[in-house]
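1. turn this into a model:
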Amino acid sequence: MLQIITRRGELRYDRRMDSIADVVKWAASISGMIAAFIVSLDAGRRWTGWGFVLFVGSSVCWFAGSWLTEDWALGTQNTVLFGINLLGVYRYLIRDA
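-> Below you'll find the model as predicted:
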């Protein structure tokens with residue numbers, strides 16, 4: 001939650017940031033579920049690679065959501081998962097089979 005100090009020195013919360021964070025976190029959640037489904041299909045290297053691409057996008061969204069809500073544990077987790085997912089993209093889409 002973003003805290004704002006008004007001209008009178010009062011502390012209040014900017015609810016718009018909560019709305020943005022909610023949208024970003026829902027995008028992360030849905031894309032992560034779709035990515036997990038694609039990877040679980042085991043439909044070949046190309047499909048699995050694209051699942052990892054979606055996981056990368058999900059990690060970016062989770063990190064953005066964690067930054068907006070100052071949830072540093074979630075941000076740390078998804079920074080690590082971002083690197084792991086990049087490895088998956090490399091292994092399944094970039095590296096020669």
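
2. any idea how far the helix ranked longest in the chain is from the chain center?
-> Longest helix of the chain, by residue count under DSSP state H: helix 15-41. Put simply, helix 15-41 sits 7 Å off its chain's centre (Cα atoms, centre = their mean, to the nearest Å).

3. show me what whichever helix or strand comes after that helix is packed against.
-> Going down the chain from helix 15-41, the next helix or strand is helix 45-69, by DSSP states H and E. When contacts are defined as 3 or more Cβ pairs under 8 Å, 6 or more residues apart in numbering; DSSP states H and E, helix 45-69 sits against helix 15-41, helix 72-89. All C-beta atoms are positioned from the backbone trio N, CA, C, and that covers glycine.

4. quick one: buried residues of the first one?
-> Residues of helix 15-41 classed as buried: Ile20, Ala21, Val24, Lys25, Ala27, Ala28, Ser31, Gly32, Ala35, Ile38, Val39 (neighbour count, 16 or more other Cβ atoms under 10 Å).

5. hmm, back to that, the longest helix of the chain vs helix 45-69, what angle?
-> 160 degrees (axes from the mean of the first three to the mean of the last three Cα atoms, to 10 degrees).

6. could you give the angle of helix 15-41 to helix 72-89?
-> Using the same axes, to 10 degrees, helix 15-41 lies at 40 degrees relative to helix 72-89.

7. any idea of the mean pLDDT for helix 15-41?
-> Across helix 15-41, pLDDT averages out at 90.

8. next: stretch 84-96.
-> Across stretch 84-96, pLDDT averages out at 94.

9. what's next to it, contact-wise?
-> Arg45, Arg46, Thr48, Gly49, Trp50, Gly51, Phe52, Val53, Phe55, Val56, Ser59 (Cβ atoms under 8 Å, 6 or more residues apart in numbering).

10. not counting its neighbours along the chain, what's nearest the first one?
-> I take that to be Arg45. Ranked by Cβ to Cβ, 6 or more residues apart in numbering and with sequence neighbours excluded, the top spatial neighbour of Arg45 is Tyr92, at 5.0 Å.
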